[in-house]
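**Student:** Starting from these lines, generate the structure:
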Amino acid sequence: MTQDFQRRLPSYGASAGTNTSWSDRIHVDPILLLLITGVVLFGLVILSSAVDGNEALFDAQVRRIGVAYAALIIAAQLPPAMYLRWAPFLYLVGLGLLILVLFVGIEVKGSQRWIDIPGLFRFQPSELMKIAVPMAVAWYLQQRVLPPSIKHTFFSLLIIALPAFAIGVEPDLGTSILVAGAGVSVLLLAGLSWRWILGALTLVAAAAPLFWQFVLRDYQRQRILTLFDPQSDPLGAGWNIIQSTTAIGSGGIFGKGLYQGSQSYLDFLPEARTDFIVAVVGEELGFVGIAFLLTLYLLIIARGLYLASQAGSTFGRLVAGALVLTFFIYLFVNIAMVSGILPVVGVPLPLVSYGGTSAITLMAGFGIIMSMRTHKAW
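**Tutor:** Next up is the predicted model:
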C-alpha cells in the first residue's frame, strides 16, 4: 500500500515518470507562463502602435521575444544545484565584464554600457548582474545561520555594492538601483532585522547631502529638481514628465483608442516605445488598459512568490524570491517614473518596452524561478 501511494506522488527533476504532464517534463509552471504570455502579447499590441508602422522594429522585437522564451525554457531545465555551484563564477564574470565595459564599451546617448561583438551582437553586461548579484548573495548566505549576523550582512552588502557602483559609473543609475535592489531583496528574505534596516535608512538619509554633492552628475541633479517642479523647464528637463503625464491623463477611462494616440504619433512623447510606453497605454486604452496590465503584473508577482515559497532549499527560496521582488522593483520604478512620482532614470516597462537584453534577462529569471520550484529533489 505504501509503495502504491508513493507511485501516486508527483515526481520532480530528471526522474520524472512518463505519466507527468508536459509542464512537469520541461520544468515550467503553466500558470506563470500563461500570465507572462498575456503581458508579452499585450506589449506587442501596444508596441505595434508605439513604433508607428515601423515593421522592422516590430519584427525585431518579435524575434527578441522568441529568444527570451528560449532563455526561459533553457533556464528552467538547469537544476538548482547547478545554479548554486556556478553562482560565484557567474558573479565574477559579470563583474569582470562591467570593468571591461568601462574601457572598451560602446557609448550610446552619453552612457558607456554596451559591449559590441562585431558581426554578432551587442549586449549590456549590467543586465547579467540582475541575476548574478542575488544569486551570489544567496550562495553566500545559504552556508550561514540565518538571519544573517552583522559580519555576514556586511560581506553581503559588499557583494552588492561592487557591481552597483560599477554600473553607476557608466552611468546607468536606473540599472544600478535595480541591481542593488535585487541583492538587498535577498537580505530581506533572509530575515535581516528591521532595526538594521531602519539604521541603514537613517545612514542613507544622513549621507544624502554628500551623495548629492559628490556622486550625482549635473543632469541627474536636474532630473530630481525637475520632479518637484517640471514647469520650471517645460521645454528642457521637464519635457519628459509633462508629456508623459499629459498622455496618461488625456486617455481618461477608456482611452482614445488603439493607434489613436496623438502624443506618441506626433512625437511629443519621448521614448514612446521604450521607457515611456506605459504613457501610450494610458493615452490609447485609458485607465482600463493600465488597470488590466497592472492586474497581470500583480498576478505574476503573486504566482512568483508562491513558487518561491515552494522551492526545495534555502538557496532556491532566496534566489526565486529575490528575482520576483526585483521584477516588482522594475515595475514600480518605471510606473512611478512615467507618472512623475520618481525622477526619470531610464528603466523600461518589463516585457512591454522595446528592447532585447532586458526581455531576455527577465525571462531567464522566470525560468530560474520555475527551476527552483520544479526540481524539488536535489
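
**Student:** Helices along the stretch 51-200 of the chain, start to end?
**Tutor:** 55-77, 80-104, 125-141, 150-169, 173-189, 194-210 (DSSP state H, counting those that start in this stretch).

**Student:** Relative to Met337, which of these is closest?
**Tutor:** Nearest to Met337 among these is helix 173-189 (8.3 Å), distances taken as C-beta to C-beta. Where C-beta positions appear, they are placed from N, C-alpha and C, glycine not excepted.

**Student:** can you give me the mean pLDDT across the closest one?
**Tutor:** The average pLDDT within helix 173-189 is 90.

**Student:** Contacts for that helix next, please.
**Tutor:** Helix 173-189 is contacted from outside by 113, 124, 126-127, 129-131, 133-134, 137-138, 141, 148, 153, 156-157, 159-161, 163-165, 167-168, 197, 220, 317-319, 321-323, 325-326, 329-330, 333, 345-347, using C-beta atoms under 8 Å, 6 or more residues apart in numbering.

**Student:** And stretch 286-303, by the same measure?
**Tutor:** Around stretch 286-303, the neighbours that count as contacts under C-beta under 8 Å, 6+ apart are 29, 31-32, 35-36, 38-39, 42, 248, 251-256, 278, 281-282, 285, 324, 327-328, 331, 335, 350, 352.

**Student:** unless I'm mixing things up, Leu349 is touching Val280, no?
**Tutor:** No: using C-beta atoms under 8 Å as the test, Leu349 is too far from Val280 to be in contact (9.9 Å).

**Student:** returning to what we had before: which among the contacts of stretch 286-303 count as buried?
**Tutor:** Neighbour-count burial (16 or more other C-beta atoms under 10 Å) applied to these gives 29, 32, 35-36, 38-39, 42, 248, 251, 255-256, 278, 281-282, 285, 324, 327-328, 331, 335, 350, 352.

**Student:** Low-confidence ranges, the stretch 201-350 of the chain, go.
**Tutor:** 214-215, 227-229, 231-235, 237, 264-267 (pLDDT under 70).

**Student:** just the helices in it please.
**Tutor:** Here the stretch 201-350 of the chain has its helices, by DSSP H, counting those that start in this stretch, at 218-228, 239-250, 262-265, 277-309, 314-338.

**Student:** Quick check: which of the helices of the stretch 51-200 of the chain is nearest to Gln260?
**Tutor:** Among those, helix 55-77 comes nearest to Gln260, with 18.1 Å by C-beta to C-beta.

**Student:** Show the average pLDDT along the closest one.
**Tutor:** Taken as a whole, helix 55-77 has a mean pLDDT of 92.

**Student:** Give me the angle between it and helix 80-104.
**Tutor:** Using axes from the mean of the first three to the mean of the last three C-alpha atoms, to 10 degrees, the direction of helix 55-77 lies 140 degrees away from that of helix 80-104.

**Student:** need the contact list for Tyr259.
**Tutor:** Contact partners of Tyr259, counting by C-beta under 8 Å, 6+ apart, are 49, 284.

**Student:** longest strand anywhere in this structure?
**Tutor:** In the chain, with assignment by DSSP state E, the single longest strand is strand 111-117.

**Student:** which secondary structure elements does that one contact?
**Tutor:** Here strand 111-117 is seen to pack against helix 80-104, strand 106-108, strand 121-123, helix 125-141 when contacts are counted using 3 or more C-beta pairs under 8 Å, 6 or more residues apart in numbering; DSSP states H and E.

**Student:** got JSON lines for those, with mean neighbour count too?
**Tutor:** As requested, these are arranged in JSON lines below (neighbours: other C-beta atoms under 10 Å):
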{"stretch": "helix 80-104", "mean neighbour count": "16"}
{"stretch": "strand 106-108", "mean neighbour count": "11"}
{"stretch": "strand 121-123", "mean neighbour count": "14"}
{"stretch": "helix 125-141", "mean neighbour count": "27"}
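
**Student:** Turn the ones you listed into a markdown table, including distance to Ala302.
**Tutor:** Shown next, in a markdown table, are the helices and strands packed on strand 111-117 (distance: least, C-beta to C-beta, whole Å):
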| stretch | distance to Ala302 |
| --- | --- |
| helix 80-104 | 22 |
| strand 106-108 | 36 |
| strand 121-123 | 31 |
| helix 125-141 | 19 |
